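> okay, here's the prediction I keep looking at, along with the sequence it came from:
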Amino acid sequence: MNIFSQYRDEIIAAVNGLVAQSALPAGLDLSRVAVDPPRDPSHGDLSSNAAMVLAKPAGMRPRDLAALIAARLESANGVAAAEIAGPGFINLRLDAAVWRRCLGDILAKGAAYGDSRVGNGKQINVEFVSANPTGPLHVGHARGAVFGDVLAALLDKSGYRVVREYYINDAGEQVDVLARSAYLRYREALGHAIGEIPNGLYPGDYLRPVGKALAAKFGDRWLDAPQSEWLPVLRAFTIDAMMDLIRADLAAFGIHHDVFISERSLVEDGRVDAALEMLAARDLIYRGTLAPPKGKRPDDWEPREQTLFRATAFGDEVDRPLQKSDGSWTYFASDIAYHLDKYQRGSVKLIDVWGADHGGYIQRLKAATEAVTEGKAALDVKICQIVRLMDKGEPIKMSKRAGNFVTLRELIDEVGLGVVRFIMLTRSNDAPLDFDFTKVAEQSRDNPVFYVQYAHARCHSVARMAADAFPEITNGDAADLDLLRDPAEVSLIKLLAQYPRVIEAAAKSHEPHRIAYYLYDLAAAFHGLWTKGREHAGLRFIVDDNRPLTASRLALVRGVRIVIASGLNLMGVVPVEELR
RNA sequence: GACCCCGUAGCUCAACCGGAUAGAGCAUCGGAUUUCUAAUCCGACGGUUACAGGUUCGAGUCCUGUCGGGGUCGCCA
């Protein structure tokens, strides 16, 4: 039950009633009618802009229209008052009983509270991580990994059929570099001195075990063989090893993908050719020469004729190359085939989660997706800005070249899985994020993970204490929610009632960080009520000589616990019951 | 030079498809502790939402331009 959409329906019913009376013209566009919680509590419980957005098409003054709608709402179920305010807002005040029913609903639904059907069973494909199979995951991947995973969870909860997907970039130059790097480690494993790893190859130690495994499997078979012979073999072997590494990292990070797709397999199965033929048949591919970039021109610029996709026909800046000079496909070409493939497997909504450095690539892939699916699939690309690792407010210097970059595994071991995941969602995805090792280990209010976990633990603590005071009270007790009358209690329930709306909005806007902010607010409200009980004994959750009141307050605490646990679970963070 | 993201309190950031008096935390100052875990809470201070125009009943949010920070820029992914 989403109280906001429920009363939005009431308002629309009221408008339709006025249309039926011919008080309003038919055919009004109701899509902009919204029902929101007002910022200022004196504006009631729910606030709607209906009269303001409908005034012009209805040919009325906003406040006059608001009066008509409000008059009809007065008699709506659960409405205590419908007032007109400001330029034409309709403010609804609800019966206290409505809020108590909300709490009852939360308790009844438990973990299913907040589920919705807005996705209507539609299949949606979320592609995330998709790190090159050239090494273990590092902090740079962590943010996109959490973002994609939680977005997928959010869409799942909102009634979509979610496909979580990882695209393996195993067809380009990078994996050849990887194979040559592994070859050196293979020589090393066979006792040959290899010296410094040459510039441009992967220096990481993680390739040493691969070298040993290659030596164990092939002996000295490739030692004096030409590169053309060993490269494909070593490449396949090493990619497999890297993907094993990455899958293990993902598992340690609590992430599961439903589908892993190999770029190479798309090329080898002729899927790229097929996709490009579809475009060619519609005259969207041609041979041509691109103009050099304006302003800063690369030193070695010379005009070249290339195979180009007509991206400009779909809103991109320039047409984009599909083929390298050696005849192989560019990454872009196989990506076109890949996105067509996602569509053909049943997803009309596609989401890609990328790092900020790929921002310049969005337009062309949206253009290509539109072209190759003939406008039937919509691609949304979410960009995650960089994570700056800090310690005590000072940036930590990292360089891949020196091999001292922080792996995802090290990060998890150092601060814990839940902390990493939560912190990654404490910023909007398109803002850079500071990850401070000192701060996230702190147990204080400016560490949101701790703060929210503490609220959850407190809920459990109260339940434990209550079990001592009233051994006979159980979770199954039918609590009389009418006893929850303190304004602070009621406003806590109102906050709980917003949860389904937060989930829906986060899912719709593809912004999982909203859960983190909501949970922080909820935790603050709960801590506040808790402290009130210290100051006024009558507001304690456990009231020694009043069993019925204690039972109803425990029900409220249970509601808080359910919602915090639900939000944390969505974020992939395990709610803790104790913090000691 | 072009394109994308960002610019909100001293600092780090929110602001729900455009809504009413722009909100939190930190910092600063002042309070609350015989505890259902004070690892917490309450209050005060703090704003020309970078700047200039525009759209409209209404703009931090949308459009145009300027300035500043970051990212990207023909066969890397």
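That came through, no problem.

> so who does the residue nearest the centre of chain A touch?
With distances taken as Cα atoms, centre = their mean, A:L151 lies nearest the centre of chain A, 2.7 Å away. Shown in contact with A:L151 (Cβ atoms under 8 Å, 6 or more residues apart in numbering): A:V126, A:F128, A:I351, A:V353, A:K382, A:A507, A:H510, A:P512. (C-beta placed from N, C-alpha, C; glycine too.)

> got the contact list for the residue in the stretch 101-250 of chain A that RNA strand B sits nearest to?
Closest residue of the stretch 101-250 of chain A to RNA strand B, Cβ to the nearest atom of the strand: A:G172 (2.0 Å). Residues near A:G172 by Cβ under 8 Å, 6+ apart: A:E263, A:Y331.

> can we see that at 10 Å?
For A:G172, the contact set (Cβ atoms under 10 Å, 6 or more residues apart in numbering) comprises A:N132, A:E263, A:R264, A:K324, A:S328, A:W329, A:T330, A:Y331, A:S334.

> now swap in A:R63 and tell me
Neighbouring residues of A:R63 by Cβ under 10 Å, 6+ apart: A:A51, A:M52, A:A55, A:A70, A:I84, A:A85, A:G86, A:P87, A:G88, A:F89, A:I90.

> how about the longest helix seen in chain A: buried residues?
What stands out as the longest helix in chain A, according to DSSP state H, is helix A:227-252. For helix A:227-252, a neighbour-count test (16 or more other Cβ atoms under 10 Å) marks A:230-231, A:233-235, A:237-239, A:241-243, A:245-246, A:249-250 as buried.

> likewise stretch A:39-52?
A:H43, A:G44, A:D45, A:L46, A:S47, A:S48, A:N49, A:A50, A:A51, A:M52.

> again, but for stretch A:18-27
Buried residues in stretch A:18-27, counting neighbours by 16+ other Cβ under 10 Å, are found at A:L18, A:L24.

> average pLDDT across that stretch?
For stretch A:18-27, the mean pLDDT works out to 90.

> keeping just the C-alphas, turn it into CSV.
Extracted C-alpha coordinates of stretch A:18-27, given in CSV (Å, rounded to 0.1, in the frame of the first residue of the first chain):
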residue,chain,number,x,y,z
LEU,A,18,-16.3,16.8,-12.0
VAL,A,19,-15.8,15.9,-15.6
ALA,A,20,-18.9,13.7,-15.4
GLN,A,21,-20.8,16.7,-14.0
SER,A,22,-19.5,18.8,-16.9
ALA,A,23,-17.9,21.0,-14.4
LEU,A,24,-14.6,20.3,-16.1
PRO,A,25,-13.9,19.6,-19.8
ALA,A,26,-13.1,16.0,-20.8
GLY,A,27,-9.8,14.8,-22.0
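
> list the contacts for A:V98?
Going by Cβ under 10 Å, 6+ apart, A:V98 touches A:I3, A:Q6, A:Y7, A:D45, A:N77, A:G78, A:V79, A:A80, A:I493, A:K494, A:A497.

> name the element it belongs to?
In the assignment (DSSP states H and E), A:V98 maps to helix A:96-109.

> elements contacting the helix or strand following that helix?
Remark: after helix A:96-109, the chain's next helix or strand is strand A:123-127, criterion DSSP H and E. Helices and strands touching strand A:123-127, by 3 or more Cβ pairs under 10 Å, 6 or more residues apart in numbering; DSSP states H and E, are helix A:139-157, strand A:161-168, strand A:259-262, helix A:331-344, strand A:349-355, strand A:378-384.

> quick one, domains of chain A?
For chain A, automatic domain parsing gives the domain ranges A:3-94, A:448-570.

> got the residues of the stretch 51-200 of chain A near RNA strand B?
A:52-53, A:55-56, A:62, A:85-89, A:91, A:132, A:169, A:171-174 (Cβ under 7 Å from any atom of the strand).

> same thing but at 6 Å, please
Residues of the stretch 51-200 of chain A found near RNA strand B (Cβ under 6 Å from any atom of the strand) are A:52-53, A:56, A:85-87, A:89, A:91, A:132, A:169, A:172-174.

> mind giving me the PyMOL select for the residues you listed, buried ones only?
Only the buried entries of these go into this PyMOL selection, using 16+ other Cβ under 10 Å:
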select buried, chain A and resi 52+53+85+89+91+132+169+172
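
> which of the contacts of A:L151 ranks first by neighbour count?
Counting neighbours by other Cβ atoms under 10 Å, A:V126 leads the contacts of A:L151 with 29 neighbours.

> ok so, going back, closest one to A:A20 out of the buried residues of stretch A:39-52, please.
For the buried residues of stretch A:39-52, the residue nearest A:A20 by Cβ to Cβ is A:A50; the value is 16.4 Å.

> what's the nearest residue to the closest one if we skip its chain neighbours?
Using Cβ to Cβ, 6 or more residues apart in numbering and skipping residues adjacent in sequence, the residue nearest A:A50 is A:V33, 4.6 Å away.

> just confirm the one you found is within a helix.
No: A:V33 is assigned coil when assessed by DSSP: H, G, I helix; E, B strand; the rest coil, not a helix.

> where in chain A is pLDDT low?
Filtered on pLDDT under 70, chain A yields the residue ranges A:1, A:295-299, A:397-405, A:473-478, A:580.

> stretch A:5-13: how far from the chain's middle?
When C-alpha coordinates are averaged (Cα atoms, centre = their mean, to the nearest Å), stretch A:5-13 and its chain have centres 29 Å apart.

> any buried residues in that stretch, and which?
A:Y7, A:R8, A:E10, A:I11, A:I12.

> from those, which land in helices?
A:Y7, A:R8, A:E10, A:I11, A:I12.

> can you list these in TSV and add distance to RNA strand B?
Formatted as TSV, these follow (distance: Cβ to the nearest atom of the strand, whole Å):
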residue	distance to RNA strand B
A:Y7	13
A:R8	9
A:E10	16
A:I11	12
A:I12	12
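
> show me which of those residues is closest to A:G393.
Using Cβ to Cβ, these come closest to A:G393 at A:R8, 45.3 Å.

> doesn't A:N2 make contact with the closest one?
Yes: using Cβ atoms under 10 Å, A:R8 is in contact with A:N2, at 9.0 Å.

> who touches both of the two?
Jointly contacting A:R8 and A:N2 under the rule Cβ under 10 Å, 6+ apart are A:V35.

> reformat the contacts of A:R63 as JSON lines; add secondary structure.
Below are the contacts of A:R63 laid out as JSON lines (three-state DSSP):
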{"residue": "A:A51", "secondary structure": "helix"}
{"residue": "A:M52", "secondary structure": "helix"}
{"residue": "A:A55", "secondary structure": "helix"}
{"residue": "A:A70", "secondary structure": "helix"}
{"residue": "A:I84", "secondary structure": "strand"}
{"residue": "A:A85", "secondary structure": "strand"}
{"residue": "A:G86", "secondary structure": "coil"}
{"residue": "A:P87", "secondary structure": "coil"}
{"residue": "A:G88", "secondary structure": "coil"}
{"residue": "A:F89", "secondary structure": "strand"}
{"residue": "A:I90", "secondary structure": "strand"}
